[in-house]
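Novice: 3D, please:
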Amino acid sequence: MMIKIFFADVEFLHTFVPNLIILIMVLSGKKLWMSARDYVMIVVAIFIFGFGFSAFILPEKVVIGGVTGVGTIAYLLTGKTYMIGLTQYAINLVLLGIAYFVVGKQFVVKTIFGATVISLVVTIMPPLFDGPLVPGQPFMNVCIGGIFTGIALGLVFVHNGSTGGTDIVAAIVAKRTNVTIGRTMLFVDFAIISSSFLLTHEIAKVLYGFVVLIITSYMVDLVINTNRQAVQFLIISPNWERIATAVNLHARRGVTVMDGMGWYTKHSVKILLIVCRKIESVTIFRIVKSIDPTAFISQANVNGVYGQGFDELKFKRDLKLQEQLERDSEEAARMS
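Specialist: Below is the predicted model of the structure:
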């Protein structure tokens, strides 16, 4: 019976999710379309989240942070697993309605896809597991569950998605106050996990919830930072023009050409400066080796790269600082 229900749910998702993707694309507009790869990866990531939550965390009756944690509280009160997804989606709809007026349409459209899919997944998957996959090991279960959920949420963020919940609350608060998004999410998650003590009356369950929160946060940062890792190349070769052209055409990366001089030989040289993602470094090495196996190559890790082709600066604009800089520029122009 359970298998029939599962396949019926999968068939429903098979038709519902693609239609939802099309609807989101229409609402977003052409310029805001997420790529098909992003949508697929977000769905895959949410299923990973659902597996980690349903197979390891929920069977231990541990409340985690976010709206999923609120849904877990509803499940503990009613004993009905469908209350997790139902509660989660109801709260997300209310928050999205508020966010539409406070944050804006673009944020709501970007969030509604992930919020819908995750509500479906946490409704479908919990009944498939009668108990934790590692019986009698609650600490191991919450650790493994935290790893799965952290990796999943990290993948969602990497692919420009959101699952709603505390993300929405944090965005609303950050829009109206100077409190950061990270701090708001921490406060909300702390309150949700702590409130579970009123139901379970077990301090161990609360501590397990904080363990999940810590592991999830660490894994999210790990996934995001791994994806953002960049490297910088300095390349010296007499065939610098061919190498620069090949990097433009095949690696799709920009190249900066600088003048240099070898101090020993006193010969002028051209130095190529290339910044790329770490996963793209193999392509750069192959290009250089194919053109000039004896080229001088220096590779260094870069902590952060922002701008075209890389990450966008997320800092809020300081209007007072901007005004001060404009006044300084005007003053410098008058003095000159």
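
Novice: just the CA trace of the helix or strand harbouring residue 323, in PDB.
Specialist: Taking DSSP states H and E as the definition, residue 323 sits inside helix 319-335. Below are the C-alpha coordinates for helix 319-335, written out as PDB (Å, rounded to 0.1, in the frame of the first residue of the first chain):
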ATOM      1  CA  LEU A 319      24.200  55.900   1.900                       C
ATOM      2  CA  LYS A 320      26.000  58.100   4.400                       C
ATOM      3  CA  LEU A 321      29.400  56.800   3.200                       C
ATOM      4  CA  GLN A 322      28.300  57.300  -0.400                       C
ATOM      5  CA  GLU A 323      27.300  60.900   0.300                       C
ATOM      6  CA  GLN A 324      30.600  61.500   2.100                       C
ATOM      7  CA  LEU A 325      32.600  60.100  -0.800                       C
ATOM      8  CA  GLU A 326      30.700  62.300  -3.200                       C
ATOM      9  CA  ARG A 327      31.500  65.400  -1.100                       C
ATOM     10  CA  ASP A 328      35.100  64.400  -0.900                       C
ATOM     11  CA  SER A 329      35.200  64.000  -4.700                       C
ATOM     12  CA  GLU A 330      33.700  67.500  -5.200                       C
ATOM     13  CA  GLU A 331      36.100  69.000  -2.700                       C
ATOM     14  CA  ALA A 332      39.100  67.400  -4.500                       C
ATOM     15  CA  ALA A 333      37.800  68.700  -7.800                       C
ATOM     16  CA  ARG A 334      37.600  72.200  -6.500                       C
ATOM     17  CA  MET A 335      41.100  72.100  -5.000                       C
END
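
Novice: show me which positions of it end up buried.
Specialist: Within helix 319-335, no residue counts as buried by 16 or more other CB atoms under 10 Å. Using the backbone N, CA and C atoms, a C-beta is placed for each residue, glycine as well.

Novice: now residue 99: how far from residue 165?
Specialist: Residue 99 sits 12 Å away from residue 165, going by CB to CB, to the nearest Å.

Novice: domains of the chain?
Specialist: 2-227, 230-336 (automatic domain parsing).

Novice: quick one: the helices in the stretch 1-150 of the chain?
Specialist: Per DSSP state H, counting those that start in this stretch, the stretch 1-150 of the chain carries helices over the ranges 2-28, 36-52, 66-78, 82-102, 105-124, 138-158.

Novice: and residue 223, how many neighbours?
Specialist: Applying other CB atoms under 10 Å, we find 20 other residues in the vicinity of residue 223.

Novice: off-centre distance for the longest strand seen in the chain?
Specialist: Among the segments of the chain that qualify as a strand by DSSP state E, the longest is strand 268-277. In terms of CA atoms, centre = their mean, to the nearest Å, the centre of strand 268-277 is found 31 Å from the chain centre.

Novice: hang on, the earlier thing: which of the helices of the stretch 1-150 of the chain has the lowest mean pLDDT?
Specialist: Per-segment mean pLDDT for the helices of the stretch 1-150 of the chain reaches its minimum on helix 2-28, at a mean of 48.

Novice: returning to what we had before: among the domains of the chain, which is the most enclosed?
Specialist: Compared across the domains of the chain, domain 2-227 shows the largest average neighbour count, a mean of 18 (mean count of other CB atoms under 10 Å).

Novice: how about residue 203, what does it touch?
Specialist: Applying CB atoms under 8 Å, 6 or more residues apart in numbering to residue 203 gives the contacts residue 197.

Novice: measure it to residue 196 for me?
Specialist: Distance of residue 203 to residue 196, computed by CB to CB: 10 Å.

Novice: what's the answer for residue 275, then?
Specialist: Here the criterion is CB to CB. By it, residue 275 lies 46 Å from residue 196.
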